[in-house]
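okay, here's the prediction I keep looking at, along with the sequence it came from:
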Amino acid sequence: MTDVRERLRALSLELPVLGAPKYSYEPTTRWGNLLWVSGQISRTASGEILRGRVGQDASLEDGRAAAETSALNLLARVDDAVGLENVEQILKLDIWVASAPDFTDQPSVAEGASQLLRSVLGDAGRHARTALPTHVLPQGALVELDATIAVRGEK
Amino acid sequence: MTDVRERLRALSLELPVLGAPKYSYEPTTRWGNLLWVSGQISRTASGEILRGRVGQDASLEDGRAAAETSALNLLARVDDAVGLENVEQILKLDIWVASAPDFTDQPSVAEGASQLLRSVLGDAGRHARTALPTHVLPQGALVELDATIAVRGEK
Amino acid sequence: MTDVRERLRALSLELPVLGAPKYSYEPTTRWGNLLWVSGQISRTASGEILRGRVGQDASLEDGRAAAETSALNLLARVDDAVGLENVEQILKLDIWVASAPDFTDQPSVAEGASQLLRSVLGDAGRHARTALPTHVLPQGALVELDATIAVRGEK
C-alpha cells in the first residue's frame, strides 16, 4: 500500500482538489478505524458536472466514465481525511446511476468506479457494492456514490 | 452535550412521541457503540404526513420543512434508544427527497435536516451525508432519512 | 442459534447456491465482527429474475415474494461468508422496491424480507430497516436489498 501514489501516476490519474462542501455536512466522518464518506457526484477536476441519464441522453460508456470521475472524487476525500496509504479496505460502495426507466445495466456502469478503486488501491480496494438506478441525481449528475471504509492509524 | 434539552427548548422544538413500528423491524439496532436508525418519513407529531414531490406539487421550502420533521423523528428514535445526551456523533445521514424528474437541488432540501441536527446536537450533530432523489416515497412522503450514529455508554 | 438449519427445513426453505459476482466486487466484506453484504436482487435459485414494478405489472404479493427471494439470497451470501449460525444480529436492512409512481406501500413489500429473516434467525434476525421505492432496478428486478450484520468469531 506504499505504492498508491505510483499507481495513480502509472494510471495517469490525478486526485482533484476538492473544497469544503457548500452545505452543512462534512466530507467525511471518522469513528475509530471506520470512515464514512459523503456522496460524491460526477464532477470533474475542472468543475464540469457530467450530466444526463444512461439510456436516454448518455451512453453506458458515458456512465462508466462518470463512475470513474465520482470514484476519483471519493479517493480525494479519503486522501484529505486520512491519506490514501492508510486505507485498510473499502468495505462498502453504494453507487447510484441516473437512468432511463428501461435501462437496467447499472452494474456495468458501476464497474467504472469499482475497477478504478481496485486499480489504485489493490486488495484494499476490494469492496462489497450496491448499484442502484435513480430517475435523477443532484445537479443533474450522471452518477453519485459514497462509501464506508476501514482505515489504519490513530484518529 | 448536557444542554441538548435546553437547545431543544430554545429552538421551540419538541420531540414527537413515536410508537413501535407497525412492521417487522426495530426503530433502532445497537452494536457496541454504534446505532442504526430505521428510515423516518416526514410525519408530524400530530400524525399528518407531509406529502408530495419537490418541483411538482411541493416547493423547496416544503421539502426543507419535511426534512426538519423527519430529522426530529430521527432524534426522537435516538432519544428513546439511548438518550440524546449520549450521542457521540451522527456519523452518516442518508436522505431521500421525493422529486420531480427535473428537480436537482436535493442538497438544499437536505439542509433542513442537517441544520436541525447541528442546532440540537452541536458538534455531535456534524455528519457525512448523501442526499438522493426518488420518484416517490413510502406513504407519499416528501422526505425520508436514516442514520448511523456513534453513542456513548454501555449497552 | 444452533437451530438455524432446522428452522430453514421447517420453513421448507433452501439456500440457493450463488456463484461469484460477474463484476468487480465482493459478495461480502468483513471488518472485525461487522459484515457488509452486497446488493441482492430477486433472482430465484433456478436463475429466473422476478421482474416488474409493484402497482404496474406486479402485485403487492409479487413484491413480497420477490423480497423473500432476495432475503434468501442474502442469507446464502452470509452463510458462504461466515456461516448462518454465526450471525449475531442483522443490524440494518436496506431494501428497494421497483414501484409505479403512485405505489407507496413499500413497507408491506419489505415485510417479505423482514419476516423471513426473523423466521430463520430468530432474535438475531431483528433489524433496523429502510424501505425505498425506485423507478427501475438492475436487470429489471422487482426487489433489491443489502445489509450490515454483526457476526461472531475470529476473522
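Arrived safely, thanks for sending. Just so it is clear, the structure is predicted and the values come from calculations on it, not from any experiment.

next, the angle strand B:87-98 makes with the strand ranked longest in chain A.
Identified as the longest strand of chain A according to DSSP state E is strand A:87-98. Taking axes from the mean of the first three to the mean of the last three C-alpha atoms, to 10 degrees, one finds strand A:87-98 and strand B:87-98 inclined to each other by 20 degrees.

could you pull up the mean pLDDT of strand A:87-98?
Mean per-residue pLDDT for strand A:87-98: 98.

note down every partner strand of it and its orientation.
Using DSSP bridges, strand A:87-98 pairs in its sheet with strand A:128-134 (parallel), strand A:143-151 (antiparallel).

want to throw those into a markdown table with mean neighbour count?
(Each C-beta comes from the backbone N, C-alpha and C, glycine too.) Shown next, in a markdown table, are the strands paired with strand A:87-98 (neighbours: other C-beta atoms under 10 Å in any protein chain shown):
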| stretch | mean neighbour count |
| --- | --- |
| strand A:128-134 | 26 |
| strand A:143-151 | 26 |
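
I'd like the ones you listed as JSON lines, with distance to C:G19 appended.
Compiled in JSON lines, the strands paired with strand A:87-98 are given as follows (distance: least, C-beta to C-beta, whole Å):
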{"stretch": "strand A:128-134", "distance to C:G19": "16"}
{"stretch": "strand A:143-151", "distance to C:G19": "25"}
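
can you lay out the ones you listed as CSV showing mean pLDDT?
Formatted as CSV, these follow (pLDDT from 0 to 100):
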stretch, mean pLDDT
strand A:128-134, 98
strand A:143-151, 98
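
and chain A, which of its residues are near chain B?
Contact residues, chain A versus chain B (C-beta under 8 Å from any C-beta of the partner chain): A:22-29, A:31, A:34, A:36-39, A:94, A:96, A:134-140, A:144, A:146, A:148.

buried ones among those?
Buried members of these, scored by 16 or more other C-beta atoms under 10 Å in any protein chain shown, are A:24-29, A:31, A:34, A:36-39, A:94, A:96, A:134-138, A:140, A:144, A:146, A:148.

so A:L117 sits in a strand?
No: using DSSP: H, G, I helix; E, B strand; the rest coil, the secondary structure at A:L117 is helix, not a strand.

does it touch A:L91 like I think?
No: using C-beta atoms under 8 Å as the test, A:L117 is too far from A:L91 to be in contact (11.6 Å).

please say which of those two ends up with more neighbours.
A:L117 (27 against 23; other C-beta atoms under 10 Å in any protein chain shown).

how much space between the more buried one and A:L75?
Here A:L117 is placed at a distance of 8 Å from A:L75 (C-beta to C-beta, to the nearest Å).

what does A:V37 give?
9 Å.

give me the below-cutoff pLDDT ranges for chain A.
Along chain A, the parts satisfying pLDDT under 70 run over A:1-2.

just checking, what packs against the longest helix belonging to chain A?
Longest helix in chain A by number of residues (criterion: DSSP state H): helix A:60-82. Packing partners of helix A:60-82 (3 or more C-beta pairs under 8 Å, 6 or more residues apart in numbering or on different chains; DSSP states H and E): strand A:28-31, strand A:34-41, strand A:87-98, helix A:106-121, strand A:143-151.

give me the buried positions along that helix.
So, applying 16+ other C-beta under 10 Å, buried residues of helix A:60-82: A:60, A:62-79, A:81-82.

can I get that helix in PDB, CA atoms only?
Output of helix A:60-82 as PDB, limited to C-alpha atoms (Å, rounded to 0.1, in the frame of the first residue of the first chain):
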ATOM      1  CA  LEU A  60     -23.100   3.200 -20.900                       C
ATOM      2  CA  GLU A  61     -19.600   4.400 -21.700                       C
ATOM      3  CA  ASP A  62     -20.600   7.900 -20.500                       C
ATOM      4  CA  GLY A  63     -21.900   6.400 -17.400                       C
ATOM      5  CA  ARG A  64     -18.800   4.400 -16.800                       C
ATOM      6  CA  ALA A  65     -16.600   7.500 -17.200                       C
ATOM      7  CA  ALA A  66     -18.900   9.400 -14.800                       C
ATOM      8  CA  ALA A  67     -18.500   6.500 -12.300                       C
ATOM      9  CA  GLU A  68     -14.700   6.800 -12.600                       C
ATOM     10  CA  THR A  69     -14.900  10.500 -12.000                       C
ATOM     11  CA  SER A  70     -17.000  10.000  -8.900                       C
ATOM     12  CA  ALA A  71     -14.600   7.400  -7.600                       C
ATOM     13  CA  LEU A  72     -11.700   9.700  -8.100                       C
ATOM     14  CA  ASN A  73     -13.500  12.300  -6.000                       C
ATOM     15  CA  LEU A  74     -14.100   9.700  -3.300                       C
ATOM     16  CA  LEU A  75     -10.400   8.900  -3.300                       C
ATOM     17  CA  ALA A  76      -9.600  12.600  -3.000                       C
ATOM     18  CA  ARG A  77     -11.900  12.900   0.000                       C
ATOM     19  CA  VAL A  78     -10.300   9.900   1.700                       C
ATOM     20  CA  ASP A  79      -6.800  11.200   0.900                       C
ATOM     21  CA  ASP A  80      -7.700  14.500   2.600                       C
ATOM     22  CA  ALA A  81      -9.100  12.800   5.600                       C
ATOM     23  CA  VAL A  82      -6.600  10.100   6.400                       C
END
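
cool, thanks, signing off.
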